[in-house]
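[1] Next one to model:
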Amino acid sequence: MAPVYTTVIGQCMGARDIDSANFYFKKLNKITFVLSVLWNALVFAITPLIIKYSAISSEAKSLVIWLVLINNIFNGLFYPFAGSLGNGLRAAGDVKFTMITSVTLTIAARLAFSALFGLVLGWGVIGIAIGMSMDLVFRGIIFIRRYHSKKWTKFCLI
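    Numbers count the residues shown, from 1 in each chain. Here you go, the predicted structure:
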């Protein structure tokens, strides 16, 4: 859905039609969230079928299920806002804020939370998977707040 945000929001903002951009932001957010949850649920549902034929131990198979579950929960619930919404904000001209936020959180949040959960708390690879996903949580929250602040409406495109 990210290219859809980029195209639709970019067209609206290029025409200086902020009301339409806001309308499509809301509509695309709903569609993206539903599709994301459905897609990630489907991937998780077929994962046991795929690993059933893998030549790995039952312990490794169990770990794969847990890692896919963690990944798909975070991706399903937070990526629509951390990823696609961010693309919409960039299409509206809010490039500097979204890029700095994305790069900073990708490095800082992933590193800090992976170290905290995986090493300090001793959760191992499960903790690292959760820690890596915290980037999506914080980026999604920040981008939702940025969207609601309406600062993205202040940029003049072309």
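[2] Using neighbour counts, pick out the buried residues of whichever helix or strand residue 62 is part of.
    Using DSSP states H and E, residue 62 sits in helix 58-79. Within helix 58-79, the residues that count as buried by 16 or more other C-beta atoms under 10 Å are 63-64, 67-68, 70-79. Every residue, glycine included, has its C-beta placed from N, CA and C.
[3] would TSV of those with distance to residue 52 and pLDDT be doable?
    Shown next, in TSV, are the buried residues of helix 58-79 (distance: C-beta to C-beta, whole Å; pLDDT from 0 to 100):
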residue	distance to residue 52	pLDDT
63	15	96
64	11	95
67	16	97
68	13	97
70	20	97
71	19	97
72	18	97
73	22	97
74	24	97
75	23	96
76	23	97
77	27	97
78	29	96
79	27	95
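[4] now, which of the residues you listed sits nearest residue 2?
    residue 79 (9.8 Å; C-beta to C-beta).
[5] circling back: restricting to C-alpha, output the helix holding residue 62 in PDB.
    Presented in PDB, the C-alpha positions along helix 58-79 are these (Å, rounded to 0.1, in the frame of the first residue of the first chain):
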ATOM      1  CA  SER A  58      11.100 -29.900  16.700                       C
ATOM      2  CA  GLU A  59      12.700 -27.300  19.000                       C
ATOM      3  CA  ALA A  60      13.800 -25.200  16.100                       C
ATOM      4  CA  LYS A  61      10.300 -25.600  14.500                       C
ATOM      5  CA  SER A  62       8.700 -24.400  17.700                       C
ATOM      6  CA  LEU A  63      11.100 -21.400  17.800                       C
ATOM      7  CA  VAL A  64      10.300 -20.500  14.200                       C
ATOM      8  CA  ILE A  65       6.500 -20.500  15.000                       C
ATOM      9  CA  TRP A  66       7.200 -18.100  17.900                       C
ATOM     10  CA  LEU A  67       9.400 -15.800  15.800                       C
ATOM     11  CA  VAL A  68       6.900 -15.700  13.000                       C
ATOM     12  CA  LEU A  69       4.100 -15.000  15.500                       C
ATOM     13  CA  ILE A  70       6.000 -12.200  17.100                       C
ATOM     14  CA  ASN A  71       6.900 -10.700  13.700                       C
ATOM     15  CA  ASN A  72       3.400 -11.000  12.300                       C
ATOM     16  CA  ILE A  73       1.700  -9.500  15.300                       C
ATOM     17  CA  PHE A  74       3.900  -6.400  15.300                       C
ATOM     18  CA  ASN A  75       3.900  -6.100  11.500                       C
ATOM     19  CA  GLY A  76       0.100  -6.600  11.300                       C
ATOM     20  CA  LEU A  77      -0.700  -4.000  13.900                       C
ATOM     21  CA  PHE A  78       2.100  -1.400  13.600                       C
ATOM     22  CA  TYR A  79       3.600  -1.500  10.100                       C
END
